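> fold the stuff below for me.
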Amino acid sequence: MPRPLRIHIPGGFYHVTLRGNHQQDIFSIASDRSLLNAIVAAALLKYEAEVHAYCWMTNHLHLLIKVSEAPLGSLIRQIAAGYARAHQRHLETTGHLFERRYHASIVDTDAYFLELVRYIHLNPVSAGLVREVAQYRWTSHHAYAGNRSDPWVSAEFALQLFSPDPSRRFALYRDFLDRGPRTTQVPLPPPGALSGAIPISTAARALETLAADASRLFGVPMSSLRSRVRNPKVALARAWVAKAARDRRLASLSEVARFFACDQGALRHAMERFRQVLAETS
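I've put the predicted structure just below:
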């Protein structure tokens, strides 16, 4: 039976699980997890991706990743191969360290995104490795709780979902974590998602159509709309898509921002500028 096709969505979020071959441990000495940190950080720079949550368990890894133009598979292969080579070098062993195929699922709603952040951070507690989340070092929880800064972890996106007030975010996150179930079962994705495959959400399909319309209306290539290009024309085209998506209740502002791989604040600013342009020309 053929494996499900992995569909690449630039700017999309994915929950990735990578397991040791035959469930074997993937860390042998204390410095191995620090080594993995460095390899992940380098891979993120190379592929212009972001890690929004992570946890290094004994025999598997959890990552909540936002990709850019490069497919997720390229990033994961870089991480897995780089760590396997370094790990096997100091053990003087050969063979596959990880299972050949990682598991990935699309994250297409804010609520599911936060559920996965909580699940990933609670994993060591659910598995009985520690009694409290704060006792486990190898997780992005510490960046979310404001206790530690990991330069390669992007915690701000999730924290701003708790509150627009930065002074309240850490407390709201900790309360959200405390209310979560202790389970080793991955939270169920939204209805319609396929286990092991990467579906395209209804919002993403709608945004694809709106972006194509904006490309024609504003004379901006689709590749520019969904890239890191910054110019007034591209910003207005994105703002038009965001306004149309919200007016028609097709997608939230955060979903539009993810679709375009841009910051929500920048998108709000572009929408305000778009409203001014409309007022000036009416």
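
> can we go C-alpha only for contacts and neighbour counts from here?
Noted.

> contacts only, for residue 243.
Residues near residue 243 by CA atoms under 8 Å, 6 or more residues apart in numbering: residue 271.

> so it, which of the three states?
Three-state call for residue 243 (DSSP: H, G, I helix; E, B strand; the rest coil): helix.

> does the nearest residue to residue 102 once chain neighbours are set aside sit in a helix or strand, and which one?
In space, and not counting its chain neighbours, residue 102 is closest to residue 18: 5.0 Å by CA to CA, 6 or more residues apart in numbering. Element membership for residue 18, per DSSP states H and E: strand 13-19.

> what is that strand packed up against?
strand 60-66, strand 103-107 (3 or more CA pairs under 8 Å, 6 or more residues apart in numbering; DSSP states H and E).

> from the contact counts, what lies against the longest one?
For strand 60-66, the helices and strands in contact under the criterion 3+ CA pairs under 8 Å, 6+ apart are strand 13-19, strand 50-56, helix 110-126.

> the residue nearest to residue 102 reaches residue 103, doesn't it?
Yes: taking contacts as CA atoms under 8 Å, residue 18 lies within contact range of residue 103: 6.6 Å.

> and those two? Which one has more around it.
residue 18 (20 against 16; other CA atoms under 10 Å).

> distance check, the more buried one against residue 116.
Remark: distance between residue 18 and residue 116 (CA to CA, to the nearest Å) = 15 Å.

> one step back: need the helices and strands packed on strand 60-66 in CSV with mean pLDDT and distance to residue 160, can you?
Below are the helices and strands packed on strand 60-66 laid out as CSV (pLDDT from 0 to 100; distance: least, CA to CA, whole Å):
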stretch, mean pLDDT, distance to residue 160
strand 13-19, 90, 16
strand 50-56, 95, 13
helix 110-126, 91, 11
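
> which of the ones you listed is buried the deepest?
A comparison of the helices and strands packed on strand 60-66 by mean neighbour count, using mean count of other CA atoms under 10 Å, puts strand 50-56 on top with a mean of 23.

> quick one on the thing from earlier: go through the helices and strands packed on strand 60-66 and name the closest to residue 211.
strand 13-19 (18.9 Å; CA to CA).
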